[in-house]
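1. coords below, sequence missing:
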């Protein structure tokens, strides 16, 4: 239920191969933006509308690699305790403001009893809640709300929370949404093709303000529904 695109012929002025110098800060912000978009689309495509938070007791955890080992074991135990079938999930680390160390926020697509989560985590306090629930809200709306919450932690303490070689977020493998590409001679034509494929009009379309945008021409759109056989 989401699309993004831009003109292919435009080259970035900061490309060192074209005589420019790399902009490190812009590259970091662009990487954060791409990661947020991928996380949002993964969460929406898989209906990850419930948010799990897992913390550490005692002195906490201050090692990002130890955290990843613990989270991997957590999801393996959770899979066993929920029937043994693989299921989609996404998680992001966050540094606790009080200096307690790291904790985890994870999105899942179905209710899991708090006791089952506690038995699977084993390191401290846990919580699970449905996000974005309101009258008329669909699973897609709820999943986008949960994804927005998860995505805000990407880039938020990246210098401290993500060591070289570690991802900004992690997801269950095998549940990535499929991308469908439309090529057209204008943004409007491409948007019409995407709308026809999805089966409705977008409820949000964004174009950058040219006076405040130094990147290539881009267009982003979001639909209130998504095709069942593709996203």
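-> That came through, no problem. Note that this is a predicted model, so its numbers are computed, not measured.

2. any idea how far residue 90 is from the most centrally placed residue in the chain?
-> Nearest to the geometric centre of the chain sits residue 39, at 1.6 Å (Cα atoms, centre = their mean). As judged by Cβ to Cβ, to the nearest Å, residue 39 and residue 90 stand 6 Å apart. For the C-beta atoms, the positions are set from N, CA and C on the backbone; glycine is no exception.

3. what touches both of the two?
-> By the contact definition Cβ atoms under 8 Å, 6 or more residues apart in numbering, residue 39 and residue 90 are jointly contacted by 147, 150, 169, 171.

4. is it true that the third one touches residue 32?
-> If I follow you right, that is residue 169. No. Applying Cβ atoms under 8 Å, one finds residue 169 not in contact with residue 32, separated by 10.6 Å.

5. who has more neighbours, those two?
-> residue 169 (21 against 16; other Cβ atoms under 10 Å).

6. and the more buried one, what does it touch?
-> Contacts of residue 169 by Cβ under 8 Å, 6+ apart are 35, 39, 90-92, 150, 154.

7. test my guess that residue 141 contacts residue 132.
-> Yes. Counting by Cβ under 8 Å, residue 132 is a contact partner of residue 141 at 5.6 Å.

8. so residue 4: helix, strand or coil?
-> Here residue 4 is recorded as strand under DSSP: H, G, I helix; E, B strand; the rest coil.

9. now it: closest residue in space, sequence neighbours ignored.
-> Spatial nearest neighbour of residue 4, chain neighbours left out: residue 220 (4.7 Å); criterion: Cβ to Cβ, 6 or more residues apart in numbering.

10. and that neighbour, that's in a helix?
-> No. Under three-state DSSP, residue 220 falls outside any helix and is assigned strand.

11. got a pLDDT number for the closest residue to residue 146 other than its chain neighbours?
-> Ranked by Cβ to Cβ, 6+ apart and with sequence neighbours excluded, the top spatial neighbour of residue 146 is residue 131, at 3.9 Å. On pLDDT, residue 131 comes in at 93.

12. hmm, residue 131 is touching residue 141, no?
-> No. Using Cβ under 8 Å, residue 131 is not in contact with residue 141; the gap is 9.5 Å.

13. those two: who's more crowded?
-> Counting neighbours by other Cβ under 10 Å for residue 131 and for residue 141 shows that residue 131 has the greater number, 21 against 17.
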